[in-house]
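J.: Provided below for reference: sequence and predicted model.
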Amino acid sequence: MSFTTYGENLLINWAFNVDSVTRPTAWFVAIHTADPTETGATAEMVVGTDADYVRQAVTMGTSSSGSSASTTQVVFTPAAAAGTYAVTHVSIWDAATVGNCIMYGALATPRSISNASPLTFEIGEIIAALD
């Protein structure tokens, strides 16, 4: 995964400035049908397209060797009223709606989600890592 500009600024301010950085208290995963870009705001499944879609809460584990893996299963179960979606990217946010995107990344293989087929990320499948 890559940090968004917002996430990069959080890290740099924490590491090099005397400014206090407020750490988010919760994390949420969003799914995207294309690259969400540096803001995380592009191509997220949206409530206007599928009324049952919501970002899902996730807990991340303690960092080891520069990465942190999800410690909870994440399940998206939208009605997918508009049909089947090809999910190509995920992002991690500090809020269930609106908020700030911290990181984003491409899935190794695109996955489908539809009314008949929810999308599940198993424990350890979502990994936030530094290069």
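T.: Now that the structure is in, tell me what you want to look at.
J.: what ranges do the strands span in this protein?
T.: Here the chain has its strands, by DSSP state E, at 2-3, 27-32, 56-58, 67-69, 74-76, 85-93, 101-113, 119-121, 127-129.
J.: Tell me the strands beside the last one, with direction?
T.: Each strand paired with strand 127-129, and its direction, by DSSP bridges: strand 67-69 (antiparallel).
J.: what's the answer for the first one, then?
T.: Here the strand partners of strand 2-3, with direction, are listed using DSSP bridges: strand 101-113 (antiparallel).
J.: So what touches the partner strand?
T.: 1-4, 6-7, 10, 24, 27, 30-32, 35-37, 39-41, 45, 76, 78, 80, 84-94, 119, 128 (Cβ atoms under 8 Å, 6 or more residues apart in numbering). C-beta coordinates here come from the backbone N, C-alpha and C atoms, glycine included.
J.: And it, what's buried?
T.: 101, 102, 103, 104, 105, 107, 111, 113 (16 or more other Cβ atoms under 10 Å).
J.: Next, format those as a markdown table and append distance to residue 52 and pLDDT.
T.: Compiled in a markdown table, these are given as follows (distance: Cβ to Cβ, whole Å; pLDDT from 0 to 100):
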| residue | distance to residue 52 | pLDDT |
| --- | --- | --- |
| 101 | 21 | 95 |
| 102 | 24 | 94 |
| 103 | 25 | 94 |
| 104 | 22 | 94 |
| 105 | 24 | 93 |
| 107 | 21 | 95 |
| 111 | 17 | 93 |
| 113 | 11 | 85 |
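J.: Mark which of the contacts of strand 101-113 are buried, thanks.
T.: 1, 3-4, 6-7, 10, 27, 30-32, 36-37, 40, 45, 76, 78, 80, 85, 87-94, 119, 128.
J.: how deep is the residue nearest to residue 121 when sequence neighbours are not counted tucked in, by neighbour count?
T.: Leaving aside its chain neighbours, residue 121 sits nearest to residue 74 (4.3 Å; criterion: Cβ to Cβ, 6 or more residues apart in numbering). Neighbourhood size, residue 74 [other Cβ atoms under 10 Å]: 21.
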